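**Q** I'd like to go over a predicted model; first the sequence, then the structure.
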Protein chains: 2
Amino acid sequence: MIYIPLLLMGCGGVGRQLLCHIISGRHLHSKLGVRLRVIGVCDSKSMVAVPNVLTSEFGDEFLLQLCEIKSRGSSLQELANFGDCQVFSGQEISRKVIDVATTLSKSNGLALVDCSASSQTIELLSRAIDLDCCVVLANKKPLTSSLEDYDKFVSQPRRIRHESTVGAGLPVISTINRIISSGDPIYRIIGSLSGTLGYVMSEVEGGKPFSQVVTAAKGLGYTEPDPRDDLSGMDVARKALILARLLGHCINLNSIKVESLYPVEMGPDAMSVEEFLVNGLPLLDKDIQKRIVKASSNGNVLRYVCLIEDSRYIYIYIFFFFFFLKLRPSSSIDIRLHFLLGVKSAYKKLRKIQLWLEIYSRCYSEQPLVIQGAGAGNDTTAAGVLADILDLQDLFS
Amino acid sequence: MIYIPLLLMGCGGVGRQLLCHIISGRHLHSKLGVRLRVIGVCDSKSMVAVPNVLTSEFGDEFLLQLCEIKSRGSSLQELANFGDCQVFSGQEISRKVIDVATTLSKSNGLALVDCSASSQTIELLSRAIDLDCCVVLANKKPLTSSLEDYDKFVSQPRRIRHESTVGAGLPVISTINRIISSGDPIYRIIGSLSGTLGYVMSEVEGGKPFSQVVTAAKGLGYTEPDPRDDLSGMDVARKALILARLLGHCINLNSIKVESLYPVEMGPDAMSVEEFLVNGLPLLDKDIQKRIVKASSNGNVLRYVCLIEDSRYIYIYIFFFFFFLKLRPSSSIDIRLHFLLGVKSAYKKLRKIQLWLEIYSRCYSEQPLVIQGAGAGNDTTAAGVLADILDLQDLFS
């Protein structure tokens, strides 16, 4: 049996769903010869840990209790009443995480799983990597901060997994990594990476006013708490940055041109979320409607489209003796978020929370590799994180 | 540095392309901290091995010489003139392979890579698995013979990789494995799995006679040497069987209903390949043409479609406390190869050698996970094999 000790950071929707998947998958994992041992869970304010990380783990009942407590918005501190656990808060959390990582790195190892949406985990994760811990991310922030941080995270590529940072559980990252490792150079990725905006636009195309759809989507939990995080294109930009860095581009978030769906005057500095929803949003209806009518008159739809293009590599094949030569002319990187693209067939297929991606490489030049499907939601995202964790098992044997 | 010793079985188009990818990828592998050491290569008649499998490996020049010799149809025996190697033939081959596997399994380990299309490798691979070797397959035969063999091959799931058995380098197997391991039950897979037949039918739809297209496709190397291996649907059936077994169906090749494109009277027992091409094939033109016209009048196209459906599992969710209950009513498995399917949009997109697959599971129910792209050809297939090999690296560290 392979034991994988897990320390979970973040117990919002994705984190709780992950615990649920872990519990319901126990039988399957044991058939695979793996036991996932949850030894600690933290949110932004508190942390619970087992008394002895080398020998004990949280029982499933305790974890379900944890989910129940968090889903009704209470503090992890409450768990002190429900079983044998240590509770930490504030500054103690970092110290305890590093303490656990240090202890376990000397024995079986540790996987830190970041299901938060916070940039406060970056420093801790970075120190854990120095201690040879494994890291699994649903959180995009650690991979989209400074290049220095990014380089640290990918310095041990076999110890980091982050499938769910782009397209939830869809096999985007693993596929790109496979293509790259096989020596097949990817020169273009194009896709619609935001499930939320895909949903919003398809509803607007169906005849509803933009403001009404965004407000409803917020109510359904499809958008971020401040819908402007989605409407600004920043969420898509982070995904695009992760893909671009994966292809070897040394760029930062501010290198990406993003077309925001609202003007600066409606930004977070100018008005509150409430004000934006009530007074700002309706002012955008007319313009969005106009663009949709224009697009549909050409048989198109409106979507946020991300294009990562690489003209750095020109491959010249010399088939004699199977050699090929690689030239590196001047670099040119182009990452853009379009809002209107004049392609008739593929874009039409995008419905609701669907994600779609095309990868072009030597092997996939005439016919790109296409990945498409549900690319949002806690269930799918947590399933992707769990698959990532299980894929680390060879490092724990 | 992680050293992965490789023993390659089969040096036809895929095997030679794999050696080419290995050689041209040296720089990339060394950045990943991996060195692929080719220590033996065999075809159906001969084998070459390095004198000491523990310390030496074939140099790149030797491997290129090997590719050159095999591409002009000569024997591996010729290599005795080109460097320090041992040559074996006939019965000696099995003995040597097991000898190498035994020696290496006690030290660093060994990956056996089967790029042949032969069922003769099954016994050897099975014995190698008993010796804890890793196995990478492009060859479909080992996974589509008896259930006993199959169970042996998957008994150590982390030691076997076979992405290229279905859809060449497309991430079909790895994606299905990820979904299964995350505990998300797949209940339906539907797809067009034959690049060859996809090509043939799209050409016929373009107005060319069926017989002419098949003859041309054979000339281009798109079909098997006997095109009836493709036209009988057996190649697709093997792929369907691999997917079905992956989903847990305990079935054999003869459980799969396949619609052959030629009648029994034109089978290999009744006429030679030449006779079939000259006298049999043209007799099919009229019928195929009629079906294509009928399909297109409904806005459809004709494709071999594989459907794997599972009604074994009914999932009942009880959201309270995140539990879910699994019922197992009577089993019903349905794997069919349709030749005509009345779906307008998706099928229309299939062009030339393109492969397309939809996966339905709990996470991907309303919106299936779609994988699509070039799913045939030596380059893509070998790239998939190489990615599989590199993915084994944690077992060699």
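**A** Perfect, thanks for sending it. Not measured: the values here are computed from a predicted model. Numbers count the residues shown, from 1 in each chain, chains lettered A, B, ... in the order given.

**Q** got a list of what A:Ser71 touches?
**A** Contact criterion C-beta atoms under 8 Å, 6 or more residues apart in numbering or on different chains gives A:Arg16 as the residues in contact with A:Ser71. The way it works is simple: take the backbone N, C-alpha and C, and place the C-beta from them, glycine included.

**Q** now the strands: where do they sit in the stretch 1-150 of chain A?
**A** All strands of the stretch 1-150 of chain A, identified by DSSP state E, counting those that start in this stretch, fall at A:2-9, A:34-42, A:46-49, A:86-89, A:111-114, A:134-137.

**Q** In chain A, where is pLDDT below threshold?
**A** Residues of chain A meeting the criterion pLDDT under 70: A:221, A:299, A:311-353.

**Q** So which residue is smack in the middle of it?
**A** Residue closest to the average C-alpha location in chain A (C-alpha atoms, centre = their mean): A:Thr165, at 1.6 Å.

**Q** still on that earlier bit, could the strands of the stretch 1-150 of chain A be laid out in CSV, adding distance to chain B and mean neighbour count?
**A** Written out in CSV, the entries for these read as follows (distance: least, C-beta to the nearest C-beta, whole Å; neighbours: other C-beta atoms under 10 Å in any protein chain shown):
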stretch, distance to chain B, mean neighbour count
strand A:2-9, 9, 23
strand A:34-42, 9, 23
strand A:46-49, 18, 24
strand A:86-89, 22, 16
strand A:111-114, 14, 26
strand A:134-137, 11, 26
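
**Q** A:Leu147: how many residues sit nearby?
**A** A total of 11 residues lie near A:Leu147 under the criterion other C-beta atoms under 10 Å in any protein chain shown.

**Q** which SS class is the nearest residue to it once chain neighbours are set aside?
**A** Nearest residue to A:Leu147 in three dimensions, chain neighbours excluded: A:Cys250, at 5.9 Å (C-beta to C-beta, 6 or more residues apart in numbering or on different chains). Using DSSP: H, G, I helix; E, B strand; the rest coil as the criterion, the local structure at A:Cys250 reads coil.

**Q** Tell me the bridge partners for A:Met9.
**A** Going by DSSP bridges, A:Met9 is paired in beta bridges with A:Cys42, A:Asp114.

**Q** Point out the other helices and strands that the helix or strand where A:Asp379 lies packs with.
**A** Here A:Asp379, judged by DSSP states H and E, is contained in helix A:378-391. Packed against helix A:378-391 by the contact rule (3 or more C-beta pairs under 8 Å, 6 or more residues apart in numbering or on different chains; DSSP states H and E) you find helix A:13-24, strand A:111-114, strand A:134-137, strand A:160-161, helix B:172-181.

**Q** on contacts alone, who are the packing partners of the last one?
**A** Okay, so that is helix B:172-181. Counting by 3+ C-beta pairs under 8 Å, 6+ apart, the elements that helix B:172-181 packs against turn out to be helix A:172-181, helix A:378-391, strand B:186-192, helix B:234-246, strand B:354-361, strand B:369-374.

**Q** Which parts of the stretch 151-300 of chain A are helices?
**A** Counting by DSSP state H, counting those that start in this stretch, the segments of the stretch 151-300 of chain A that form helices are A:172-181, A:195-205, A:210-219, A:228-231, A:234-246, A:273-275, A:285-297.

**Q** Many thanks, we can stop here.
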